[in-house]
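Trainee: Got a predicted structure here, sequence first:
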Amino acid sequence: MKAVIRFLLLTALSVLPLFGEAQSLPRVSPESVGLDATRLANADTAIQAEIAKGRIPGAVLAVVRNGQMAYLKAYGHRAVYPKPLPMTVNTVFDLASCSKSLSTAICVMQLIEAGKVRLNDPVRLFIPQFKSWRSGADTTTIRVIHLLTHTSGLPPYAPVEQIRKRCGSPCPDSLMAYIATCRRDFAPESKFQYSCLNFVTLQHIVETVTHQSLRDYAASHIFQPLGMAHTDYLPCRANARGRWINTDSPRWVKAGERPGDTPIAPTERQKDGSVLLGQVHDPLARVLNGGISGNAGLFSSADDIAVLCACLLHDGSWNGHRILAPLTVKTMRTVPPSLAAFGRALGWDVCSPYASNKGDLLSNATFSHTGYTGTSVVIDPDNDLAIILLINAVHPDDKYSVVRLRSLVANAVAGAINEPSTK
C-alpha cells in the first residue's frame, strides 16, 4: 500500500509545467529536398494494402530530410473498436520500445558527457545489490555498456504476474530488486539478447544519479528544450486505488489545445472488452513500473519525433537548443568495436537481426529502433533522412506483424531519393 501511495504522490507532484511553444519542423514539398513525390507514393501503396487486408487499423508516416518535414500523412483509422475513428497526423502513439532510444538512451548519454557516468562503469556502482555473472569460480562484471547494447546476459523479460502477486502494483523497487538478483543467461559480451530489463536498469541508474524520475529528467533535458509538447509518459491518470483511467486525449497537452486536437491511438482489447487508451501497452511499464519505465511508456506524435530526429541528424542541436554534444551523438550511433559482431549501438540498432525496419537501400550508417505496438524510427545520417512510421498494430487485437511493412516503407522512401543531401 505504501508503494501505491508513494506512486500516486509522485504522479501528482510530477505533472510537468507547460511546455514552451511547440517547435514543429517546417513543412516543404518532397521535391524541394531531393525526394520524388511519385516514388514516395509507393510507401502509401504498401501501407494502404495492409489496411485493406485488415492487418493494421491505420498509420502515420513522416519523412524528414535536411531538417524539414518533407512528407507527413495519415492513413486509415486510429480506432476500429468500439467504433471507427479517423487517423490524424497529430495522433499520439504508445511508442513502446522506441522509448528506449528516444528517451532512456539519450538520458544516459547526457550523463556520460556530463562526467557522471562511464560506459565502463559497473552497474553495481549505482545499484549495489546488482549481481555480476558467475559460473563456478568465474565472475564477470556487468557494465553500463552491456545494458545499452543488450549484451549483459539479463533475461529478456520479468514474470510480471508473479511479481505483482507478491509485491503489489505498482512496485518499481521490487522489480529492480528482481532484476538485480535474477538469473543471468550468459557472460557479458559473449552473446546478444534483447532485454527490456537492461533498460529498466538504466532507468534506475538515471534516477539514482539525477535524483529525479526518468519522466521529469527526460522532460526537462530533452522534450521541453526541443518544444516537444506532445511527448511524455503517463498521458492518463491513476485513481485512488492505483488503477488507470482511460483517456483519449493526453492530460499534458499544451494550453489552448482542444481535447480532440491530439487524440491518442488505442492499443489492445482487454478481456473485459475495453481497450488500452492512454495506458502503456507493455506490462512491465504499466503493471510494475507505474507507467514510467526505461523500456517503454513514452507517448508521442510524428511531429515531435521528427524534431528529435532532426536534432540527432544535426549533431545534437536544434533550433538553438543542444541536448547532446556532436561526439556524443556519433558515439551513440556507432557499434562499439568490441561488440561489432552483435550490431547494436548505444541504445540503437545498426545491423542486428532486429534492424530490418531500415530496409535494404539506406546507408550503413543508418541507426533505428522499433516498438512492439508497431512504431518505428529510422535515421540515416549519410542521407540526412529520417523515416518515422507510427502504427498501433496491436489494435484491436495483437494478431499481425508489421516487420515486413516497415522494411517496404523504408525501401520506398529510400527509392525516392534523387538528390544527395545538402548537409
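Mentor: Cool, the structure landed. Numbers count the residues shown, from 1 in each chain.
Trainee: Going by secondary structure, the closest residue to Ser103 other than its chain neighbours is in what exactly?
Mentor: Distances taken as C-beta to C-beta, 6 or more residues apart in numbering put Ala218 closest to Ser103, at 4.7 Å, once the chain neighbours are dropped. Every residue, glycine included, has its C-beta placed from N, CA and C. If you go by DSSP states H and E, Ala218 is part of helix 214-218.
Trainee: Give the full set of residues in contact with Arg134.
Mentor: Residues near Arg134 by C-beta atoms under 8 Å, 6 or more residues apart in numbering: Arg184.
Trainee: Under the pLDDT cut-off, which ranges of the stretch 251-400 of the chain? List them.
Mentor: Filtered on pLDDT under 70, the stretch 251-400 of the chain yields the residue ranges 255.
Trainee: wait, doesn't Ile391 sit right on Thr375?
Mentor: Yes. If you go by C-beta atoms under 8 Å, Ile391 and Thr375 touch, sitting 6.8 Å apart.
Trainee: Which parts of the stretch 251-400 of the chain are strands?
Mentor: Under the criterion DSSP state E, counting those that start in this stretch, the stretch 251-400 of the chain carries strands at the ranges 299-300, 317-318, 321-322, 367-370, 376-380, 385-390.
Trainee: Who does the third one pair with, and is each partner parallel or antiparallel?
Mentor: Sheet pairing for strand 321-322, assigned by DSSP bridges, gives strand 317-318 (antiparallel).
Trainee: Report the distance from the partner strand to the chain centre.
Mentor: 19 Å (C-alpha atoms, centre = their mean, to the nearest Å).
Trainee: Identify the residues contacting it?
Mentor: Strand 317-318 is contacted by residues 23, 67, 226, 307, 310-311, 323 when judged by C-beta under 8 Å, 6+ apart.
Trainee: which one of those residues is nearest Thr208?
Mentor: Distances from Thr208 to these, taken as C-beta to C-beta, are shortest for Ile323 (20.9 Å).
Trainee: how much space between that closest one and Val394?
Mentor: With the distance defined as C-beta to C-beta, to the nearest Å, Ile323 ends up 30 Å from Val394.
Trainee: which of these two has more neighbours?
Mentor: Val394 (24 against 21; other C-beta atoms under 10 Å).
Trainee: nearest residue to Arg406 other than its sequence neighbours?
Mentor: Closest residue to Arg406 apart from its sequence neighbours, by C-beta to C-beta, 6+ apart: Asn357 at 3.9 Å.
Trainee: Over to Ser249?
Mentor: In space, Ser249 is closest to Pro259, 4.2 Å off (C-beta to C-beta, 6+ apart).
Trainee: Correct me if wrong: the one you found contacts Arg251.
Mentor: No. Look at Pro259 against Arg251 with C-beta under 8 Å: they stay out of range, at 10.1 Å.
Trainee: OK, contacts around the residue nearest to Arg406?
Mentor: Asn357 touches 368, 370, 376, 378, 389, 403, 406-407, 410, counting by C-beta under 8 Å, 6+ apart.
Trainee: same check, this time on Gln129
Mentor: Gln129 neighbours (C-beta under 8 Å, 6+ apart): 177, 180-181.
Trainee: now do 10 Å
Mentor: Gln129 is in contact with 176-177, 179-181, counting by C-beta atoms under 10 Å, 6 or more residues apart in numbering.
Trainee: just Tyr157 next, same as before
Mentor: By C-beta under 10 Å, 6+ apart, Tyr157 lies in contact with 194-197, 282-284, 295.
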